[in-house]
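Chemist: generate coordinates for the sequence data below:
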Amino acid sequence: MSYAVPSMFPLHPKMDEQVARAFSANEDEEEQHIQKVQNAFLYYGAYACKRLRRTLDYLDSLPADDQRLLSKYRAHLDCVHTCIDRNQAVIRQILRERLLYPADGSGSPTSEADSEFVEPPAHVRHGDMDQAQSTLKLIARDWSTDGALEREQSYKPIIDSITEYYKPSEYELNEIKILVPGAGLGRLTYELACLGYSCEGNEFSYFMLIASNFVLNLCDYENKYVLYPWVHQYVNNLRREDQVAAVRFPDVCPLKNPPKGNIEMAAGDFLEVYKTPHSYNCVATCFFIDCANNVIDFIRTIYKILVPGGIWVNLGPLLYHYSDVNGQNSIEPTYEDLCIIIESVGFVIECSRSGIHTKYAQNPSSMKQSEYQSLFWVCRKPGPYEEQCGKMNSKSKGSKEPHDLIMREDNDMEEVIIVNQYDDANANAIETPQNETETNDAATPQT
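Modeler: Modelled structure (predicted):
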């Protein structure tokens with residue numbers, strides 16, 4: 001399979017040797033999957049218009065008096081059709097440089113990729129079409145002014161915690177390696193790189209990878225493109241204009257505003273790609289950890305790839321995406337269970353709280369508004385001295401009961417996790433290995 005490499009923000013299938021062998025063995029299957037994603041994008045317009053056609057057919061069957069009363073509604077549906085066509089035009093632009101698609105020997109796209117579909121393409125299912133439509137909403141969330149509030153809710157706590165721990169005045173930020181699993185459209189990765197950190201986003205979904213590549217590498221000025229992300233929402237609209245509201249993107253042009261730090265995007269399954277110990281100073285996860293069949297696998301992997309003294313910053317709910325999905329296994333530990341698991345794996349929970357008000361790709365004008373009471377925590381992987389002390393204490397004390405988890409604060413009635421209260425002497429002892437990693441070149445992973 002051929003992969004074009006953008007000159008600005010590299011996107012690559014990052015693999016260790018074992019994964020590379022498996023990838024090579026399954027190359028045909030991978031090409032078929034990428035082709036399916038491409039076909040789903042190309043079928044977007046016809047798929048969305050079929051839904052619209054059902055409404056129009058029913059409208060045409062109504063009595064003449066009813067149709068007369070709905071004349072403005074009919075004109076609105078014509079506007080919906082126009083918005084779908086314009087979305088498809090943007091999708092054509094997104095697909096114009098087929099970074100991830102199978103290419104022939106000349107590096108040109110296959111002929112099948114050049115045309116849109118009227119009928120459902122082979123192997124493309126409703127779930128694929130839902131992802132294509134969701135991608136448009138996520139572009140609005142990550143790369144438009146309309147998504148600024150959601151980004152403030154979800155990304156700012158993560159960014160603030162990282163800058164507090166790895167202060168620009170105390171570290172060479174380009175030596176601080178940050179991994180963002182489940183990077184989606186790449187805005188959090190980009191924002192951290194703009195601060196000067198060396199950032200790597202990881203994403204499994206080719207829908208996301210294709211769209212993020214377009215924004216990061218192919219949009220050449222701000223607000224160049226117009227999308228209608230809510231055009232598929234036929235219910236809970238106060239005004240006709242709400243369904244056909246336009247969103248411009250990107251609100252920031254990465255090509256014109258390149259980040260100070262290094263940035264790249266890696267394609268692949270998080271658990272398969274990231275196996276090298278002590279590789280990152282920080283792992284930042286946002287709406288990610290509940291995307292696992294077994295969340296413990298994610299926690300263990302994050303612990304493994306962090307350097308001693310490195311931190312894991314997380315924000316998001318516990319939706320557990322595989323729960324009740326046919327053909328998928330899933331466990332759904334509670335917040336209380338996760339706190340015990342996180343500490344048992346070896347992390348020190350520096351701070352943790354619930355009740356963080358966060359929305360995710362919500363239509364701001366809809367009568368129906370969904371909001372998560374998300375979790376937020378910062379966990380630290382102990383340094384060698386701390387880890388050894390912890391093992392000795394564990395052996396001397398035997399298995400310990402978990403600490404009391406939840407305490408109510410008067411301020412906003414948030415639930416706050418009270419963990420690991422150290423006296424001053426212990427706090428100073430803990431700071432020593434962290435300060436050592438700051439000055440020890442061996443503690444900073446090399447690219």
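
Chemist: can you tell me how far residue 312 sits from residue 45?
Modeler: 41 Å (Cβ to Cβ, to the nearest Å). Every residue, glycine included, has its C-beta placed from N, CA and C.

Chemist: more neighbours: which of those two?
Modeler: residue 312 (25 against 21; other Cβ atoms under 10 Å).

Chemist: using the three-state scheme, assign the more buried one.
Modeler: Three-state assignment for residue 312 (DSSP: H, G, I helix; E, B strand; the rest coil): strand.

Chemist: check contacts around it.
Modeler: Each residue near residue 312 by Cβ atoms under 8 Å, 6 or more residues apart in numbering is listed here: 282-285, 302-303, 306, 347, 377-381.

Chemist: mind doing that once more with 10 Å?
Modeler: Residue 312 is in contact with 179, 280, 282-285, 289, 299, 302-303, 305-306, 342, 347, 349-350, 377-381, counting by Cβ atoms under 10 Å, 6 or more residues apart in numbering.

Chemist: again with residue 311
Modeler: Here residue 311 is in contact with 161-162, 165-166, 178, 280-284, 347-348, 350, 378-381, 434 (Cβ under 10 Å, 6+ apart).

Chemist: wait, residue 97 sits on residue 216?
Modeler: No: if you go by Cβ atoms under 10 Å, residue 97 and residue 216 don't touch, sitting 11.9 Å apart.

Chemist: the two: which is more packed in?
Modeler: residue 216 (28 against 15).

Chemist: please give the element, helix or strand, for the more buried one.
Modeler: Using DSSP states H and E, residue 216 sits within helix 206-217.

Chemist: can you name every helix or strand that that helix contacts?
Modeler: Helices and strands touching helix 206-217, by 3 or more Cβ pairs under 10 Å, 6 or more residues apart in numbering; DSSP states H and E, are strand 11-13, helix 27-42, helix 71-94, helix 126-143, helix 187-194, strand 198-203, strand 263-267.

Chemist: and the shortest one, average pLDDT?
Modeler: It refers to strand 11-13. Taken as a whole, strand 11-13 has an average pLDDT of 52.

Chemist: and stretch 336-356, by the same measure?
Modeler: Mean pLDDT, computed over stretch 336-356, is 97.

Chemist: would you say residue 322 is within a helix?
Modeler: No: going by three-state DSSP, the assignment for residue 322 is coil, not a helix.

Chemist: so who does it touch?
Modeler: Here residue 322 is in contact with 290-294, 328-332 (Cβ under 10 Å, 6+ apart).

Chemist: just the buried residues of those.
Modeler: Among those, those that count as buried by neighbour count (16 or more other Cβ atoms under 10 Å) are 290-293.

Chemist: residue 323: which of the residues you listed is nearest?
Modeler: Residue 323 lies nearest to residue 290 out of these, by Cβ to Cβ, at 8.7 Å.

Chemist: tell me how far residue 47 lies from residue 89.
Modeler: The gap separating residue 47 from residue 89 is 15 Å, by Cβ to Cβ.

Chemist: who has more neighbours, these two?
Modeler: Per other Cβ under 10 Å, whichever of residue 47 and residue 89 has more neighbours is residue 47, with 21 against 12.

Chemist: wait, the more buried one touches residue 129, no?
Modeler: Yes: shown here, residue 47 and residue 129 form a contact pair, counting by Cβ under 10 Å, at 5.0 Å.

Chemist: show me the common contact partners of these two, please.
Modeler: With contacts taken as Cβ under 10 Å, 6+ apart, the residues that reach both residue 47 and residue 129 are 40, 120, 232.

Chemist: and the last one, which of the three is it?
Modeler: The reference is to residue 232. coil.

Chemist: report the contact partners of it.
Modeler: So residue 232 contacts 47-48, 51-52, 80, 83-84, 87, 129-130, 133-134, 136-137, 243 (Cβ under 10 Å, 6+ apart).

Chemist: identify the residue spatially nearest to residue 365, adjacent ones excluded.
Modeler: residue 242 (4.0 Å; Cβ to Cβ, 6 or more residues apart in numbering).

Chemist: in the helix or strand encompassing that neighbour, which residues are buried?
Modeler: Assessed by DSSP H and E, residue 242 sits inside helix 240-243. Within helix 240-243, the residues that count as buried by 16+ other Cβ under 10 Å are 242-243.

Chemist: pull the residues that contact it.
Modeler: With Cβ under 10 Å, 6+ apart as the criterion, helix 240-243 contacts 72-73, 75-77, 79-80, 83, 228, 230-237, 363-367.

Chemist: try it again with 7 Å
Modeler: Residues outside helix 240-243 that contact it (Cβ atoms under 7 Å, 6 or more residues apart in numbering) are 76, 80, 230-231, 233, 237, 365.

Chemist: check the average confidence over the helix or strand just after it, would you?
Modeler: Counting by DSSP H and E, the next helix or strand C-terminal to helix 240-243 is strand 247-249. When pLDDT is averaged along strand 247-249, the result is 98.

Chemist: chain center to strand 247-249: distance?
Modeler: Mean-position distance between strand 247-249 and its chain equals 19 Å (Cα atoms, centre = their mean, to the nearest Å).

Chemist: helices or strands next to that strand in the packing?
Modeler: Secondary-structure packing of strand 247-249 (3 or more Cβ pairs under 7 Å, 6 or more residues apart in numbering; DSSP states H and E): helix 126-143, strand 225-227.

Chemist: before we move on, the earlier item: reformat the contacts of helix 240-243 as JSON lines; add pLDDT.
Modeler: Compiled in JSON lines, the contacts of helix 240-243 are given as follows (pLDDT from 0 to 100):
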{"residue": "76", "pLDDT": "98"}
{"residue": "80", "pLDDT": "98"}
{"residue": "230", "pLDDT": "98"}
{"residue": "231", "pLDDT": "98"}
{"residue": "233", "pLDDT": "97"}
{"residue": "237", "pLDDT": "98"}
{"residue": "365", "pLDDT": "96"}
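
Chemist: residue 351 touches residue 378, doesn't it?
Modeler: Yes: Residue 351 is within contact range of residue 378, at 5.1 Å (criterion: Cβ atoms under 7 Å).

Chemist: which of these two has more residues huddled nearby?
Modeler: residue 378 (21 against 15).

Chemist: list the contacts for the more buried one?
Modeler: By Cβ under 7 Å, 6+ apart, the contact set of residue 378 is 161, 311, 313, 350-351.

Chemist: and it, which of the three is it?
Modeler: strand.

Chemist: show me where the stretch 251-400 of the chain has helices.
Modeler: Using DSSP state H, counting those that start in this stretch, the helices assigned to the stretch 251-400 of the chain run over residues 270-273, 295-305, 335-345, 384-397.

Chemist: confidence-wise, which of these is weakest overall?
Modeler: Note on these: lowest mean pLDDT is at helix 384-397, with a mean of 58.

Chemist: inside strands: which ones of the contacts of residue 311?
Modeler: Among these, DSSP state E puts 178, 280-284, 348, 350, 378-380 in strands.
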